[in-house]
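Asker: Dropping the sequence and predicted coords here.
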Amino acid sequence: MEYRRFDDKIVARIDKGEEIVEKLALICEKEGVKLGYITAIGAVNRFTAGVFSPAEKTYASREFCGDFEIVSLTGTVTCKENKEYLHLHMSAGDESGKVFGGHLNRACVSATCEAVIFVFNGEVGREFSCEVGLNLFKF
């Protein structure tokens with residue numbers, strides 16, 4: 001992984017074999033990002049994505065293996081308990097054009113991943129909502 005910061009933007013290359021969520025979190029930690037927006041494209045060969053059930057207040061996660069192009073990877077950076085908190089979603093397409101995705105737990109790069117982190121001046125926290133079952137923005 002390599003990255004460069006340009007004022008309020010960070011441009012990163014995550015390399016083959018590296019795990020995307022882990023590397024994005026590491027960049028945010030190193031750069032002190034407390035509030036931001038992430039977008040990325042690239043290729044993965046394994047990823048785990050989930051869908052939240054509001055009725056059950058649980059995630060159903062599924063692992064996908066094969067050759068996939070990241071159609072969209074977006075998310076937010078906030079803070080929870082004084083640590084960066086990434087909330088990411090990803091859609092990825094296979095060779096037949098089928099797209100799979102959801103809440104991103106992890107993704108392994110097969111070729112490259114190009115990410116941009118837009119850093120905002122400020123901080124937004126997270127707090128668990130028993131009613132919803134998720135860590136919501138805390139202003």
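Answerer: Perfect, I can see it now.
Asker: tell me the average confidence for the longest strand along the chain?
Answerer: Ranked by number of residues, the top strand in the chain under DSSP state E is strand 58-80. Mean pLDDT, strand 58-80: 97.
Asker: dump the residue contacts of Asp94.
Answerer: Asp94 makes contacts with 66-68, 100, as judged by C-beta atoms under 8 Å, 6 or more residues apart in numbering. Every C-beta, even on glycine, is put in place using the N, C-alpha and C of the backbone.
Asker: related to what we said a few turns ago, show me what the longest strand of the chain is packed up against.
Answerer: strand 36-53, strand 83-93, strand 99-119, strand 125-129 (3 or more C-beta pairs under 8 Å, 6 or more residues apart in numbering; DSSP states H and E).
Asker: returning to that earlier point: is it possible to export the contacts of Asp94 to CSV including distance to Met1 and neighbour count?
Answerer: CSV is the format used below for those (distance: C-beta to C-beta, whole Å; neighbours: other C-beta atoms under 10 Å):
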residue, distance to Met1, neighbour count
Gly66, 23, 13
Asp67, 21, 13
Phe68, 19, 25
Phe100, 25, 16
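Asker: any idea which of the residues you listed is closest to Lys23?
Answerer: Of all these, Phe68 has the smallest distance to Lys23: 17.5 Å, by C-beta to C-beta.
Asker: how near is the nearest residue to the closest one once chain neighbours are set aside to Lys138?
Answerer: In space, Phe68 comes closest to Ala92 once its chain neighbours are excluded; the distance is 3.8 Å by C-beta to C-beta, 6 or more residues apart in numbering. Distance of Ala92 to Lys138, computed by C-beta to C-beta, to the nearest Å: 31 Å.
Asker: Then Ile117?
Answerer: Counting by C-beta to C-beta, the gap from Ile117 to Lys138 is 21 Å.
Asker: Looking at those two, which one has more neighbours?
Answerer: Ile117 (24 against 13; other C-beta atoms under 10 Å).
Asker: Run through the bridge partners of that one.
Answerer: Bridge pairing for Ile117 (DSSP bridges) gives the partners Ile10, Ile38.
Asker: my read: it touches Asp7, true?
Answerer: No: using C-beta atoms under 8 Å, Ile117 is not in contact with Asp7, being 11.9 Å away.
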